[in-house]
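> coordinates only, sequence not included:
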């Protein structure tokens, strides 16, 4: 099903999304990759606040390239989500609900998604220049020393994504594979 959603990603909104849905996302998202996630999780372990409010937040696993003159941001394609699997359950338990990236997730992440009503959105790898066109504002908010992996606040409009894993743990990668194999056997 095709849906347009407005962030933040509340529990109620997350529960309406199903694996396989095409969504066009509008609202505020944050960027971070493994180095930034490590810092955030270390800060949480020390009892410190994060540089943004994680409640109902969506985090895009991206290290955008520098913006050219006249651009808001450079190419902004997803990075492999598995690099954040060690940190994702902690971030979800801190309140973050949405994750945007590419690739499979570990069972521990899927269990945390079910516990916290998390949603994993897939973005198309290799389409970073096209995805960047959906980004209307970009603000560096922390970890400038990490360069492309710095923490940024983005405002996006109609960012095209697919729900890969929903809050019930249904996984499009698994369901899609089963449907494909079934179709092949029926031929």
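All right, it came through fine. This one's a predicted model, so the numbers in the text were calculated from it and none came from an experiment.
> helix or strand right after the lengthiest strand in the chain?
Ranked by number of residues, the top strand in the chain under DSSP state E is strand 151-165. Next in sequence after strand 151-165, counting helices and strands by DSSP states H and E, comes helix 172-186.
> buried residues in the longest strand of the chain, which are they?
151, 152, 153, 154, 155, 156, 159, 160, 161, 163, 164, 165 (16 or more other Cβ atoms under 10 Å). In short, each C-beta sits where N, CA and C put it, glycine included.
> next, the angle from that strand to helix 172-186.
Calculated by axes from the mean of the first three to the mean of the last three Cα atoms, to 10 degrees, strand 151-165 forms an angle of 30 degrees with helix 172-186.
> what's the average pLDDT for strand 151-165?
What strand 151-165 shows for mean pLDDT is 97.
> helices or strands next to that strand in the packing?
strand 22-31, strand 119-122, strand 135-142, helix 172-186 (3 or more Cβ pairs under 8 Å, 6 or more residues apart in numbering; DSSP states H and E).
> quick one: average pLDDT of the longest one?
Okay, so that is helix 172-186. Helix 172-186 shows an average pLDDT of 77 in the prediction.
> tell me the helices and strands packed up against it.
strand 151-165.
> surely residue 125 touches residue 76?
No: the criterion here is Cβ atoms under 8 Å, and residue 125 misses it with residue 76 at 11.7 Å.
> relative to residue 42, how far out is the closest residue to residue 110 other than its chain neighbours?
The shortest distance from residue 110 to any non-neighbouring residue, by Cβ to Cβ, 6 or more residues apart in numbering, is to residue 169 (5.2 Å). Distance of residue 169 to residue 42, computed by Cβ to Cβ, to the nearest Å: 28 Å.
> who's more crowded, the two?
The neighbour count for residue 169 versus residue 42, taken as other Cβ atoms under 10 Å, is higher for residue 169 (15 against 12).
> need the contact list for the more buried one.
Residue 169 makes contact with 110, 111, 113, 114, according to Cβ atoms under 8 Å, 6 or more residues apart in numbering.
> mind putting those residues into a markdown table with pLDDT?
Output for those, formatted as a markdown table (pLDDT from 0 to 100):
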| residue | pLDDT |
| --- | --- |
| 110 | 98 |
| 111 | 98 |
| 113 | 98 |
| 114 | 98 |
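> ok, the residue nearest to residue 79 when sequence neighbours are not counted - how many residues close by?
Leaving aside its sequence neighbours, residue 79 sits nearest to residue 61 (Cβ to Cβ, 6+ apart; 4.8 Å). Using other Cβ under 10 Å, residue 61 has 25 other residues around it.
> ok, residue 61 to residue 113 distance?
From residue 61 over to residue 113 the distance is 15 Å, taken as Cβ to Cβ.
> average pLDDT for stretch 38-53?
pLDDT averaged over stretch 38-53 gives 97.
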